[in-house]
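>>> Got a predicted structure here, sequence first:
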Amino acid sequence: MNNHKNLEPGRFYHIYNKARNEADLFRESTNYDYFLKLYDRYLFNHFETFAWVLMPNHFHFLIRTSPRLPDKPFHQYLSNLFNAYTKAFNKKYNRVGPLFKSPFERKEVTDSNQFRNLVHYIHNNPVHHGFSESMIEYRWSSYQTIVSLRPTKLNREVITGWFNGKDEFVKYHQGEYDYTNIKDLMID
């Protein structure tokens, strides 16, 4: 599959990007907060987010594009997010030039069995890369939001429904998985 195909309406995608030259995208908690604020501003009306994780030098999102064609291509909204974040990051840290690798990676998700493994893969990223001992500990992930009762724009019912409820969602995430069936969806 061509990773750089246009994003189509009403489809699920694994979206990934990382910093150029293995630099950090997020140096402190205010960076994470600001990125999420921009994510909400630029993407909320055009993408439904099901799972996400922000790592120091990369991020993953499992999204579904709006079923309606937007006024500009879907990738433009992502580009606007990346550009806005880069400008703020460069200003704050007195740097110049691109921050993100370009173009961002995208893989279409079409198999319902792969959704669960991809959600686990995204939430397990901090554990896999040694940033936390467990998924529940890592602050910059949708896992805590999904298992909590705090207000969210994530559609908890749909996400936990993929796992036959919240209890099964938690149980599924406690297991270790072989990601062979999503190898073609994995990016890093």
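Done, it's in.
>>> Please name the residues that touch residue 177.
Residue 177 sits next to 117, 120-121, 124 when contact means C-beta atoms under 8 Å, 6 or more residues apart in numbering. Using the backbone N, CA and C atoms, a C-beta is placed for each residue, glycine as well.
>>> how about the helix ranked longest in the chain: buried residues?
In the chain, assigned by DSSP state H, the helix with the most residues is helix 74-92. Neighbour counts over helix 74-92 (16 or more other C-beta atoms under 10 Å) mark 74-75, 77-79, 81-82, 84-86, 89 as buried.
>>> next one: stretch 155-162
Within stretch 155-162, the residues that qualify as buried are 156, 159-160, 162, counting by 16+ other C-beta under 10 Å.
>>> pLDDT of it, averaged?
Average pLDDT, stretch 155-162: 90.
>>> Distance from that stretch to the middle of the chain?
In terms of C-alpha atoms, centre = their mean, to the nearest Å, the centre of stretch 155-162 is set 16 Å apart from its chain centre.
>>> cool, stretch 34-54 as well?
8 Å.
>>> got it, and stretch 142-162?
Computed by C-alpha atoms, centre = their mean, the chain-centroid distance of stretch 142-162 equals 14 Å.
>>> got it, and stretch 115-123?
11 Å.
>>> just to revisit the earlier point, TSV please, covering the buried residues of helix 74-92 and showing pLDDT and distance to residue 38.
Output for the buried residues of helix 74-92, formatted as TSV (pLDDT from 0 to 100; distance: C-beta to C-beta, whole Å):
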residue	pLDDT	distance to residue 38
74	93	16
75	92	16
77	94	11
78	95	11
79	94	12
81	96	5
82	96	9
84	97	5
85	97	5
86	97	10
89	97	11
